[in-house]
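Visitor: Could you look at this predicted model? Sequence included:
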Protein chains: 2
Amino acid sequence: MREAVLERIKPGPSERKRLQEVSVALITRIESMAEGCGLELKAMLVGSAARGTWLAGDHDLDVFLGVGVEDDLEKALELARRISPDHREKYAEHPYIQARIDGFEVDLVPCYLVDDAAHLRSAVDRTPFHNRYVKQRIAGLEDEVLLLKQFMKGSGVYGSELRVGGFSGYLAELLVLCYGSFAAVIEAASLWKPGLKLDLEGRGRVEQADPLVVVDPVDPGRNVAAALTLNRMLQFALAARTFMARPDIEFFFANPPAPLSDREIEALMEERGTLPLLIEFAAPDVVEDVLYPQLRKAESSVNALLERKGFSILRSDVISYGNRAALLLEMEVWRLSPACRREGPPVWQADHISRFLAAHPKILSGPYIKDGRMVVEEERRYAQAADLLAAELASLSLGRHISASIRSGYKIYAGVELLAIKDDGYRIFLAEYFQARCI
Amino acid sequence: MREAVLERIKPGPSERKRLQEVSVALITRIESMAEGCGLELKAMLVGSAARGTWLAGDHDLDVFLGVGVEDDLEKALELARRISPDHREKYAEHPYIQARIDGFEVDLVPCYLVDDAAHLRSAVDRTPFHNRYVKQRIAGLEDEVLLLKQFMKGSGVYGSELRVGGFSGYLAELLVLCYGSFAAVIEAASLWKPGLKLDLEGRGRVEQADPLVVVDPVDPGRNVAAALTLNRMLQFALAARTFMARPDIEFFFANPPAPLSDREIEALMEERGTLPLLIEFAAPDVVEDVLYPQLRKAESSVNALLERKGFSILRSDVISYGNRAALLLEMEVWRLSPACRREGPPVWQADHISRFLAAHPKILSGPYIKDGRMVVEEERRYAQAADLLAAELASLSLGRHISASIRSGYKIYAGVELLAIKDDGYRIFLAEYFQARCI
């Protein structure tokens, strides 16, 4: 099976040759351009392409443009802009350039050439050290890394972006270095529990209580697995355990679900008897790593509002598709009796009682005393979850960009109204939501 | 107003005379009967009739039959049986006789004549000491006691039986002795908070954390207000406060509510939009002080079951009427989505996970991981509150007599089915339930 997988994911000789040619040409070109304008600059291929650990067909190149610590990153950025007419400016901690060159997606990232990882000036300055560390040790283990990355892809845990919260390529490489092979990583991971700490160089100074701590060998105070969530860590551990029990090539090549049809959605709603509510709005124009944490914050604010008012949620999720974003709330209880109970102050607090009664003038039953407190029963303001959302959504704390987007317009879809949205990305999201499986 | 109230509640000269004649004749007869059969026995009129603090028309007499501590209570009981052909045997801590004599309801209670309240052989032996204590101090304050008792009746807090959980006559008398007058009791009570301790003789040894502690002057380790619930204490305090703000004779003479008609019940259900569920069964043949604690226990078991399974209750209450008893549960949420979530063990507990998954074979979504645990979504066993009750009521812990009664048959009425019961006592209970007011 190992060979069958590698056959599909290991770059062939022509792909290797092409990558080699393109990257050498690019680096040569950058350095000569730099020389031409008197800029002292070192261009470096980093990442999986540099280490021989890229998956076949992955045409991404990371090229770092290193300048002296006394120099100006802006000059390197300006040079990067001139490399290709087909480029976009992006922004992480610093600005960088994403360009399309000879069929490759190239990130051109300015950085400082620091002499020691202890003297970083920015997070990207660490990457060349990572590159050097892995390159010096990975020879002969490249296939192990490829297998592990593909296994992580197949079980949905590959990618350290915040939308995924999974494993980065560097983390996969360190796991192979740590355990020695793909099989050894799988065997170890099958027994993982939260609180595990791995330290290749045995000099960690990591203080965080993350579910998994992998001490960065080039920066002992940093956890390489900081972005890994508890659930993704355990999802990987479970996949490893299941794979060991009955190995199957399917673990590496999971089929993405097809978009749900109208009939399929209707059948699921009928079977579950829940009420799905979808709050849909324009996706704010920010990168995913900014958007997803805000969507998660919005999700938990909305959940808290609904639960606080007596409704109950089976499950919820967030999505962005095309230029739209949405929160999906699957309601277990979405309608409450019009009559509701309001608990007031202890009976002996005469002043508070007066204010409480004045604030609740239209009483259905009461006031009566319960557990020493004054209680009234009155008409509930919102007996339907959708009405509550429509009335109070805009005043919730939803994350800066999402709040702005919601204020400029949103729509609530309830039940079969969800069928009105035909977008494939949205329909695939619904499929993943309803078919959620970790085994 | 004081005079207007007293005019309605103070026994007139003819009532006093009649009570005097009947009780003297009764005591004489008992003692001569005892003498006739060689029993050394002292008959004593105790309670409000003995102290001049009975409310007009209250034709209850308490006559205690005291024997020496070496003697046999059974002989006194046998004598009591012979007093009247029209009698019933009752049982509190000891058996006693309830008889109808010359238009009076007479309790004939055997007790031991102990020389000191510190040497009680049973709870009833304390009563003659209470009688003596109050009689020696109450002269001139009888009207104050009458006003207070009537005020307590009017505000629904009079009666120390467990169904009411309110103030006993003796407690009302002690409050008058403590504060000096009806008005002074009201003024003080309007500021009452839980945790108050009153000790007329200043030698209390009461340890309980009851809401109100009134040290028994004849037995300093006993709280006279032990049966008073927090809510009744505060209901009285609130009534006192409200009466002080706007005195009205209505406080003394509240009109009992009329039984609700079918139309009224339907209108209330329409307005509240809740679902009332009534669990009705044969009332076990026990006295109220045994029945009501069991009904309350059953109520809280049923509430806990419903809340545990995701339903929600606006309010509930218990009732006995005729030879039936019932729990009323007014549901805020009485139907849930068929789909429900089941949280399993932490993902790394492989053995537990296997058992969990084996126990949940029919899965709608999942298994997936949430907060580090395995979760499945499956079909809920009972999506309707009434179905859950029907299935699990018999296996709940409901109190011994109620469990037996439920096992031999019960009926659940939901919504408009409540109209099927026509009993006036039940319809008055519904009126009190829906019109619950403490102000």
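Guide: Looks like it arrived, so ask away.

Visitor: how many other residues sit next to the nearest residue to A:Leu175 once chain neighbours are set aside?
Guide: Leaving aside its sequence neighbours, A:Leu175 sits nearest to A:Val185 (CB to CB, 6 or more residues apart in numbering or on different chains; 4.9 Å). (Each C-beta comes from the backbone N, C-alpha and C, glycine too.) A:Val185 sits with 24 neighbouring residues when counted by other CB atoms under 10 Å in any protein chain shown.

Visitor: Can you classify A:Val185 by secondary structure?
Guide: helix (DSSP: H, G, I helix; E, B strand; the rest coil).

Visitor: One more: A:Ala56?
Guide: coil.

Visitor: out of everything not next to it in sequence, what's closest to it?
Guide: Using CB to CB, 6+ apart, the closest residue to A:Ala56 is A:Pro11 (4.6 Å).

Visitor: so who does the residue of the stretch 51-200 of chain A found nearest chain B touch?
Guide: Nearest residue of the stretch 51-200 of chain A to chain B, counting by CB to the nearest CB: A:Lys193, 4.4 Å away. Contacts for A:Lys193 (CB atoms under 8 Å, 6 or more residues apart in numbering or on different chains) come out as B:Trp348.

Visitor: picking that back up, distance of the residue nearest to A:Leu175 from B:Leu389?
Guide: Distance of A:Val185 to B:Leu389, given as CB to CB, to the nearest Å: 53 Å.

Visitor: Give the lowest-confidence helix or strand of chain A, using mean pLDDT as the measure.
Guide: Among the helical and strand segments of chain A, the one scoring lowest on mean pLDDT, DSSP states H and E is strand A:87-91, with a mean of 87.

Visitor: That one pairs with which strands, parallel or anti?
Guide: Paired strands of strand A:87-91, with direction, are strand A:95-101 (antiparallel) (DSSP bridges).

Visitor: How about stretch A:230-240 and chain B, touching?
Guide: Yes: against chain B, stretch A:230-240 shows contacts by CB under 8 Å from any CB of the partner chain at A:Leu230, A:Asn231, A:Leu234, A:Gln235, A:Ala237, A:Leu238.

Visitor: The first one and B:Asp371 touch, don't they?
Guide: Yes: here A:Leu230 lies in contact with B:Asp371, judged by CB atoms under 8 Å, at a distance of 7.4 Å.

Visitor: more crowded one of these two?
Guide: Using other CB under 10 Å, the more surrounded residue of A:Leu230 and B:Asp371 is A:Leu230, with 17 against 10.

Visitor: which non-adjacent residue is nearest that one?
Guide: A:Pro211 (4.2 Å).

Visitor: residues touching A:Val114, list them.
Guide: Taking CB under 8 Å, 6+ apart, one finds A:Val69, A:Leu120, A:Arg121, A:Asp125 in contact with A:Val114.

Visitor: Look at the last one and give its secondary structure.
Guide: Secondary structure, three-state DSSP: A:Asp125 is helix.

Visitor: Count the residues that sit near it.
Guide: Neighbours around A:Asp125, by other CB under 10 Å: 20.

Visitor: State the pLDDT value of it.
Guide: A:Asp125 carries a pLDDT value of 91.

Visitor: show me what contacts it?
Guide: A:Cys111, A:Tyr112, A:Leu113, A:Val114.

Visitor: can you confirm the last one is in a helix?
Guide: Okay, so that is A:Val114. No: A:Val114 is assigned coil when assessed by three-state DSSP, not a helix.

Visitor: tell me the contacts of A:Val214?
Guide: Per CB under 8 Å, 6+ apart, neighbours of A:Val214: A:Leu171, A:Leu174, A:Leu175, A:Cys178, A:Lys197, A:Leu198, A:Asp199, A:Asn223, A:Val224, A:Ala225.

Visitor: so what's it bridging to?
Guide: Beta-bridge partners recorded for A:Val214 (DSSP bridges): A:Leu198.

Visitor: In this structure A:Gly195 contacts A:Pro211, no?
Guide: Yes: with contact defined as CB under 8 Å, A:Gly195 and A:Pro211 form a contacting pair (7.2 Å).

Visitor: ok, which stretches of the stretch 201-350 of chain A are helices?
Guide: Secondary structure of the stretch 201-350 of chain A (DSSP state H, counting those that start in this stretch): helices located at A:230-245, A:262-272, A:288-308, A:350-359.

Visitor: The last one near chain B anywhere?
Guide: When you say that, I think you mean helix A:350-359. Yes: using CB under 8 Å from any CB, we find that helix A:350-359 touches chain B at A:Ala350.

Visitor: Flag every residue of the stretch 151-300 of chain A that's near chain B.
Guide: Residues of the stretch 151-300 of chain A lying close to chain B by CB under 8 Å from any CB are A:191-194, A:211, A:230-231, A:234-235, A:237-238, A:241, A:271-275.

Visitor: hmm, try it at 10 Å
Guide: Selection of the stretch 151-300 of chain A residues close to chain B by CB under 10 Å from any CB of the partner chain yields A:190-194, A:211, A:229-235, A:237-238, A:241, A:245, A:268-275.

Visitor: on that earlier part again, backbone phi and psi for the residue nearest to A:Leu230, please?
Guide: Dihedral angles of A:Pro211 (phi, psi; degrees, to the nearest 10) stand at phi -60, psi -40.

Visitor: how about it, what does it touch?
Guide: The contact partners of A:Pro211, by CB atoms under 10 Å, 6 or more residues apart in numbering or on different chains, come to A:192-196, A:225, A:228-234, B:372.

Visitor: before we move on, what about A:Ala394?
Guide: Neighbour list for A:Ala394: A:Ser403, A:Ile406, A:Arg407, A:Tyr410 [criterion: CB under 10 Å, 6+ apart].

Visitor: which residues does the most centrally placed residue in chain A contact?
Guide: The centre of chain A sits closest to A:Arg163, judged by CA atoms, centre = their mean, with a distance of 1.8 Å. For A:Arg163, the contact set (CB under 10 Å, 6+ apart) comprises A:Glu288, A:Asp289, A:Leu291, A:Tyr292, A:Pro293, A:Leu295, A:Arg296, A:Val318, A:Ile319, A:Ser320.

Visitor: same thing but at 7 Å, please
Guide: By CB atoms under 7 Å, 6 or more residues apart in numbering or on different chains, the contact list for A:Arg163 reads A:Glu288, A:Tyr292.

Visitor: domains of chain A?
Guide: The domain map for chain A lists A:1-125, A:140-255, A:262-336+A:382-434, A:339-379, with the assignment taken from automatic domain parsing.

Visitor: Spatially nearest residue to A:Leu278 (excluding sequence neighbours)?
Guide: A:Tyr413 (4.2 Å).

Visitor: re the thing from before, turn the residues of stretch A:230-240 next to chain B into TSV, columns for pLDDT.
Guide: Formatted as TSV, the residues of stretch A:230-240 next to chain B follow (pLDDT from 0 to 100):
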residue	pLDDT
A:Leu230	97
A:Asn231	96
A:Leu234	97
A:Gln235	97
A:Ala237	97
A:Leu238	96
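
Visitor: out of these, who's nearest A:Ala282?
Guide: Nearest to A:Ala282 among the residues of stretch A:230-240 next to chain B, counting by CB to CB, is A:Asn231 at 28.7 Å.

Visitor: Right, I'll call it a day here.
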